[in-house]
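Asks: Structure for the following, please:
(3 chains)
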Amino acid sequence: MTAPEAFPSEARPRELELGVDTGSRDETASKHGGRKRILVVDDAALMRAYYRQALERAGFEVEEALNGLEALEKLLMQAFDVAIVDVNMPQMDGMTFLRALRARELPAGGIPALVTSTEAGEQDVAAARNAGANYYLVKPVAQQTLVDYVAMLSGAAP
Amino acid sequence: MPLIRKPQTAGLVQPDAPAKSQGELAKTLREGSIDERWNAARAAAGAADGLTLLRDALSGESHPRVREAIFTGLARIGTVGSAEAVVPFLRSDDSNLRTGALDALRAMPAAVAGLIPSLLKDDDADVRLLSCELARHQPAADAGRMLAELLAGEREANVCAAAIEVLAETGGPELLPLLEQCAARFSNDPFLVFAVGAAAQRIGSQAMNRG
Amino acid sequence: MVFTEARRYYVERRIADRMAATASRTFADYFSYLRQEVHGEVEQIINAFTVNETYFYREDHQLECLTRDLLRERIQDRTAGGPIRIWSAPCSTGEEPYSIAIWLLENWPQVDTYDIEIIGSDIDTRVLEAAAAGIFGKRALMRLTPQLIATYFRQLDEERWQILDDLRGSVQFSRVNIVETRETRPQGRFDVIFCRNVLIYFDDESRRVAAENLYDNLLPGGYICLGHTESMSRISPLFEVCRYSDAIVYRKPREKRA
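Replies: Numbering: from 1, shown residues only, chains lettered A, B, ... in the order given. Model (predicted):
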């Protein structure tokens, strides 16, 4: 049996242009005692727990959705500062969710969206940009990387 | 007290569509409007050779709602043949199609059961990853066995993570050594280390609550 | 449903009961069994945790949404005297469709402007017979004011009230299995469908077929309301999601030029 492959060095996060006016992000935090609110959209319970752990330790408030449809519902009912969006999910995948989201009125429709995906190909990054993603991270995502990007996207203090 | 009147509803009841032949359904699925294709897709599962109708329609259909109805029809047929018609779409570049395919296979667990072992050995890591989800809806013992076999030899961290996600739910303590090995093999993968820890904790606490 | 630490014993006991009933040795076995929805286990465990009650004006916030928001939208392009069709499926013993009727009479200023048709459907003919008879006990009426009861019911005895004949006659009841397209189709198309607390009992395949049937039974732009704790995110991607006040409702998209 050959030696197991060393874990590949973390792919550089793909940065996309911020193509959508996100409106006033500070409005959300001020309603919630200053803490930025993050919606984690992923069908994998362990992934949601991993993100939650990282984000809560960094002082963010976290809500979860299991797929794009549930995410749309939560975004309608509550304000969030950033959405972290997986791609492969039941009922409504991440790309379909982003297109539906961007068709909505502000402020919900303008929320910054960070896509997390197992795919590292250029066409996948491009598809995410076209669907309305602001940033794209390739899984697995280190907790600190996630926190850094969420902090940047939410306008939270470093 | 004002009364609620009972009106004539004639204009609003859809006329009963006459049953279409195999050939008519095939033509409509190719050439009809969205609503016509939708209706044809919904009727196809009951046709003589619904599987052929739906399989052919699926490769050419781009409207999400019609695709949804085609996938439902294939799930209703629920044979190994219909599962085999859906499986290729797990490889699609279109995430919407992949989701549709996975949802359809989820709805026919008996039909897909025999296909899962080979899917878990597929050359494409994405297919292996998505197929872990299919194991979730199989009997716990089978799921455990198939995913343990995958874990023992899997080189892609994200695929291992998908397997562990399912095993955390239904796995037994006999899996703990294998999980530990996985964490050791991918010690540089922060999520995988976390996932093994969380899964082990969940499996351990379930073992304590044994009847 | 919210479970605090205090309810842990309650939850454990109910799950232990179900594990014994299904001969599951471990929780993992039981969970796997549940996931496969073998022999309606989903229904069993839901019944173990909920009291299956129905009563008048249950979830009245949805009724408020109906008149304040949904019907306001529906009449935008409706001429006076035109039809408004509302479907309660499943209707069980009739509390829901009769509640809708009473609510409209009491709360919708335009109730006389349109031809309102309310249909109640269920798979169970016994409950349909009860619904058509329109006789209810104290528990069913507990949310209604004495004034509402006096207006719309005739008291039969200490324990029973009957819906007045006029109102009883204006709700139609029909036997329909919402998974059977040939049974749902003839009901026609509706402005609003109430389909509460039934889709969660179905397996994946039946849920898909039922959702497609309900889609077909809606007019373009028509609304479907689920139970308070239900969500289309577990059922079907066919519908658009809308928020009105604190209620989430779902809508069949309007026609676009193909």
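Asks: got the CA positions of the helix or strand hosting residue A:115 in PDB?
Replies: Following DSSP states H and E, one finds residue A:115 within strand A:113-117. Output in PDB follows, covering the C-alpha atoms of strand A:113-117 (Å, rounded to 0.1, in the frame of the first residue of the first chain):
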ATOM      1  CA  ALA A 113     -22.400  35.700  -0.300                       C
ATOM      2  CA  LEU A 114     -19.400  33.500   0.200                       C
ATOM      3  CA  VAL A 115     -19.600  30.300  -1.700                       C
ATOM      4  CA  THR A 116     -17.800  27.200  -0.400                       C
ATOM      5  CA  SER A 117     -17.300  24.400  -2.800                       C
END
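Asks: So what's the predicted local confidence for residue C:24?
Replies: We have a pLDDT of 84 for residue C:24.
Asks: helix or strand for it, which one?
Replies: Counting by DSSP H and E, no helix or strand carries residue C:24.
Asks: And for residue C:79?
Replies: Using DSSP H and E, residue C:79 falls outside every helix and strand.
Asks: swap in residue B:23?
Replies: Applying DSSP H and E, one finds residue B:23 within helix B:22-31.
Asks: helices or strands next to that helix in the packing?
Replies: With contacts defined as 3 or more C-beta pairs under 8 Å, 6 or more residues apart in numbering or on different chains; DSSP states H and E, the packing partners of helix B:22-31 are helix B:34-44, helix B:50-60. From N, CA and C alone the C-beta is placed, and that goes for glycine too.
Asks: so how far is it from its chain's centroid?
Replies: Put simply, helix B:22-31 sits 26 Å off its chain's centre (C-alpha atoms, centre = their mean, to the nearest Å).
Asks: List the buried residues for that helix?
Replies: B:25-26, B:28-29 (16 or more other C-beta atoms under 10 Å in any protein chain shown).
Asks: do the same with stretch B:165-185
Replies: B:165-172, B:175-176, B:178-179, B:182-183, B:185.
Asks: Return the item of the residues you listed having minimum pLDDT.
Replies: Where pLDDT dips furthest among those: residue B:170, at 82.
Asks: Regarding the closest residue to residue A:116 other than its chain neighbours, which helix or strand does it belong to?
Replies: Excluding its sequence neighbours, the residue lying closest to residue A:116 (C-beta to C-beta, 6 or more residues apart in numbering or on different chains) is residue A:137, at 5.0 Å. Using DSSP H and E, residue A:137 falls within strand A:135-138.
Asks: Tell me the helices and strands packed up against that strand.
Replies: strand A:14-15, strand A:113-117, helix A:122-131, helix A:143-154.
Asks: sorry, back to before: can you lay out the buried residues of helix B:22-31 as JSON lines showing pLDDT?
Replies: Formatted as JSON lines, these follow (pLDDT from 0 to 100):
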{"residue": "B:25", "pLDDT": "94"}
{"residue": "B:26", "pLDDT": "95"}
{"residue": "B:28", "pLDDT": "96"}
{"residue": "B:29", "pLDDT": "96"}
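Asks: any idea which of the helices and strands packed on strand A:135-138 is most buried?
Replies: Per residue and on average, the most neighbours among those fall to strand A:113-117, with a mean of 27 (mean count of other C-beta atoms under 10 Å in any protein chain shown).
Asks: and that one, what other elements does it pack with?
Replies: So strand A:113-117, by 3+ C-beta pairs under 8 Å, 6+ apart, packs with strand A:82-86, helix A:94-102, helix A:122-131, strand A:135-138, helix A:143-154.
Asks: try 6 Å
Replies: Applying 3 or more C-beta pairs under 6 Å, 6 or more residues apart in numbering or on different chains; DSSP states H and E, one finds that strand A:113-117 contacts strand A:82-86, strand A:135-138.
Asks: In CSV: the ones you listed, plus mean pLDDT and distance to residue A:55.
Replies: Below are the helices and strands packed on strand A:113-117 laid out as CSV (pLDDT from 0 to 100; distance: least, C-beta to C-beta, whole Å):
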stretch, mean pLDDT, distance to residue A:55
strand A:82-86, 98, 9
strand A:135-138, 96, 14
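Asks: most packed of those strands?
Replies: strand A:82-86 comes out most buried of those by mean count of other C-beta under 10 Å, with a mean of 28.
Asks: roughly how far is it from the heart of the chain?
Replies: That offset, for strand A:82-86, works out to 2 Å (C-alpha atoms, centre = their mean).
Asks: Tell me if that strand is near chain B.
Replies: No: using C-beta under 6 Å from any C-beta of the partner chain, strand A:82-86 stays clear of chain B, coming no nearer than 10.1 Å.
Asks: and the angle for that strand with helix A:143-154?
Replies: Interaxial angle of strand A:82-86 relative to helix A:143-154 (axes from the mean of the first three to the mean of the last three C-alpha atoms, to 10 degrees): 130 degrees.
Asks: relative orientation of strand A:82-86 and strand A:113-117 in degrees?
Replies: Using the same axes, to 10 degrees, strand A:82-86 lies at 20 degrees relative to strand A:113-117.
Asks: what helix or strand is the closest residue to residue C:136 other than its chain neighbours on?
Replies: Distances taken as C-beta to C-beta, 6+ apart place residue C:161 nearest to residue C:136, at 5.6 Å, with adjacent residues excluded. Following DSSP H and E, the helix or strand that holds residue C:161 is strand C:160-163.
Asks: per-residue confidence for residue C:37?
Replies: pLDDT for residue C:37: 71.
Asks: For it, give me its contacts.
Replies: Each residue near residue C:37 by C-beta atoms under 6 Å, 6 or more residues apart in numbering or on different chains is listed here: residue C:203.
Asks: what do you get for residue C:233?
Replies: Residue C:233 makes contact with A:67, A:69-70, A:91, according to C-beta under 6 Å, 6+ apart.
Asks: helices or strands next to the helix or strand hosting residue C:207 in the packing?
Replies: Assigned by DSSP H and E, residue C:207 falls within helix C:204-216. Contact partners of helix C:204-216 among helices and strands, from 3+ C-beta pairs under 6 Å, 6+ apart: none.
Asks: The helix or strand following that helix: which residues count as buried?
Replies: Toward the C-terminus, helix C:204-216 is succeeded by strand C:218-225 as the next helix or strand (DSSP H and E). Using 16+ other C-beta under 10 Å as the test for burial, strand C:218-225 gives C:218-219, C:221-225.
Asks: how does chain C divide into domains?
Replies: Under the assignment automatic domain parsing, the domains of chain C span C:5-49, C:60-251.
Asks: Comparing those domains by mean pLDDT, which bottoms out?
Replies: Of all the domains of chain C, mean pLDDT reaches its minimum on domain C:5-49 (a mean of 78).
Asks: related to what we said a few turns ago, ok, the residue nearest to residue C:136 touching residue C:153?
Replies: Yes: between residue C:161 and residue C:153 a contact is recorded at 4.0 Å, counting by C-beta atoms under 6 Å.
Asks: before we move on, back to that, gap between the residue nearest to residue A:116 and chain B?
Replies: 12 Å (C-beta to the nearest C-beta, to the nearest Å).
Asks: follow-up on the earlier one: could you pull up the residues touching the residue nearest to residue C:136?
Replies: Residue C:161 touches C:136, C:153, C:155, counting by C-beta under 6 Å, 6+ apart.
Asks: Does the longest helix along chain B pack against any helices or strands, and if so which?
Replies: Looking across chain B with DSSP state H, the single longest helix is helix B:190-208. When contacts are defined as 3+ C-beta pairs under 6 Å, 6+ apart, helix B:190-208 sits against helix A:45-57, helix B:157-170, helix B:176-185.
Asks: Neighbours of residue 89, how many?
Replies: With no chain named, the answer covers chain A. The local packing of residue A:89 (other C-beta atoms under 10 Å in any protein chain shown) involves 26 other residues.
Asks: think we crossed wires, I meant chain B
Replies: Neighbours around residue B:89, by other C-beta under 10 Å: 20.
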